[in-house]
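Peer 1: here's my sequence, what's the structure:
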Amino acid sequence: MGLSHFVQSLLMYRRFSPQLCKNKEWAKERSHEAYAKNYSIVYKNDEPLAGRNQFLSPFHPRLAAAGCVYQERQGWERPGYFTQSGTVDPVNVQVLPYE
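Peer 2: Below is the predicted model:
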């Protein structure tokens with residue numbers, strides 16, 4: 001009695017970064033975007049626009065110059081893939097600000 005048959009480790013709040021949880025603007029934008037995209041079609045390499053560029057590694061400028069297209073994971077901008085030409089076409093892979 002009192003035990004759940006549902007795996008609750010997926011719902012643990014501790015899996016989120018403490019720095020992100022304290023950032024009210026990030027939480028507001030990310031939760032709004034998650035709600036707005038709840039029933040939208042999921043496309044390959046579709047990345048969230050809200051809360052980008054929270055944490056950048058020291059290699060970020062060097063990899064971006066080499067044609068890296070970044071993906072966001074838990075506030076960190078991580079390399080997703082590199083373009084074959086070595087340059088990023090700003091029209092096709094530009095991360096737009098969240099509105």
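
Peer 1: going forward, measure contacts between C-alpha atoms and count neighbours the same way
Peer 2: OK.

Peer 1: where does this protein dip in pLDDT?
Peer 2: Applying pLDDT under 70 to the predicted model, the residue ranges of the chain that meet it are 1-4, 6-16, 86-99.

Peer 1: quick one: the strands in it, in order.
Peer 2: 68-73, 76-82 (DSSP state E).

Peer 1: and of these, who's closest to Phe55?
Peer 2: Relative to Phe55, the nearest member of the strands of the chain by C-alpha to C-alpha is strand 76-82, separated by 4.7 Å.

Peer 1: residues in contact with that closest one?
Peer 2: Applying C-alpha atoms under 8 Å, 6 or more residues apart in numbering, the external contacts of strand 76-82 come out as 52-57, 63, 66-72.

Peer 1: flag every buried residue along stretch 70-77.
Peer 2: Counting neighbours by 16 or more other C-alpha atoms under 10 Å, one finds that the buried residues in stretch 70-77 are Tyr70, Gln71, Glu72, Gly75, Trp76, Glu77.

Peer 1: straight-line length of that stretch, end to end?
Peer 2: Between the opening and closing residues of stretch 70-77 there is a gap of 6 Å (C-alpha to C-alpha, to the nearest Å).

Peer 1: centre-most residue in this structure?
Peer 2: Geometric centre of the chain, nearest residue: Glu72, 2.8 Å, by C-alpha atoms, centre = their mean.

Peer 1: looks like that residue contacts Asn45 (just checking).
Peer 2: No. Between Glu72 and Asn45 there is no contact, the gap being 10.7 Å when judged by C-alpha atoms under 8 Å.

Peer 1: the helices in the chain, which residues?
Peer 2: Counting by DSSP state H, the chain has these helices, from start to end: 18-22, 24-36, 60-65, 90-93.

Peer 1: any chance of CSV for those, columns mean neighbour count?
Peer 2: Output for these, formatted as CSV (neighbours: other C-alpha atoms under 10 Å):
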stretch, mean neighbour count
helix 18-22, 12
helix 24-36, 14
helix 60-65, 14
helix 90-93, 8
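
Peer 1: turn these into a markdown table, columns for distance to Phe82.
Peer 2: Putting the helices of the chain into a markdown table (distance: least, C-alpha to C-alpha, whole Å) gives the following:
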| stretch | distance to Phe82 |
| --- | --- |
| helix 18-22 | 27 |
| helix 24-36 | 26 |
| helix 60-65 | 9 |
| helix 90-93 | 11 |
